[in-house]
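Asks: how would this look folded up:
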Amino acid sequence: MTVAETIKETVGLAGHSDAPASAPASRQAMSDAKLPLAYRDSCAHLLIPLNNCRYKEFYLPWKCVDERHSYEKCQYDEFKKRVAKMDEIRAARGGVRSN
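Replies: Just a heads-up that it's a prediction; the model follows:
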């Protein structure tokens, strides 16, 4: 179990019911796609085809729009989940911030 998985499990995001419709990318698939470690998250299954499209289309900004939108929406949804979970934790502590 990686550090990120441990943190997700501790915070309560592991196996979240709002998981994406497609299966998450395996570690081997992320490694084969040469994704940097910082991008190996629950949205990696959308980043791999986006990077492939970008490579094929010579990184033209008006190409691969659908793939980019899907990936960015996934990232935004994950961010909203983290914020909601942090609000729950903060409410359980009586509004006390950790920092």
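Asks: Determine the three-state secondary structure at K63.
Replies: coil (DSSP: H, G, I helix; E, B strand; the rest coil).
Asks: Please apply the same query to P24.
Replies: Going by three-state DSSP, the state assigned to P24 is coil.
Asks: Where does pLDDT dip in the chain?
Replies: Low-confidence segments of the chain (pLDDT under 70): 1, 3-21.
Asks: Which stretches in it count as helices?
Replies: For the chain, helices defined by DSSP state H occupy the ranges 3-11, 27-32, 44-56, 65-92.
Asks: E78 against D41, yeah?
Replies: Yes - under the criterion of CB atoms under 8 Å, E78 makes contact with D41 at 7.1 Å. Glycine gets a C-beta too; all of them are placed from N, C-alpha and C.
Asks: ok, back up a step: just say which of the helices of the chain is most tucked in.
Replies: Each of these was given a mean neighbour count from mean count of other CB atoms under 10 Å, and the largest, a mean of 17, is that of helix 44-56.
Asks: Packing partners of that one?
Replies: Packed against helix 44-56, as judged by 3 or more CB pairs under 8 Å, 6 or more residues apart in numbering; DSSP states H and E, are the following elements: helix 27-32, helix 65-92.
Asks: and for it, what are the contacting residues?
Replies: With contact meaning CB atoms under 8 Å, 6 or more residues apart in numbering, helix 44-56 is reached by 20, 22-25, 29-30, 33, 35, 39, 63-64, 67-68, 70-71, 74.
Asks: just the angle between that helix and helix 65-92, please?
Replies: Following axes from the mean of the first three to the mean of the last three CA atoms, to 10 degrees, one obtains 150 degrees for the angle between helix 44-56 and helix 65-92.
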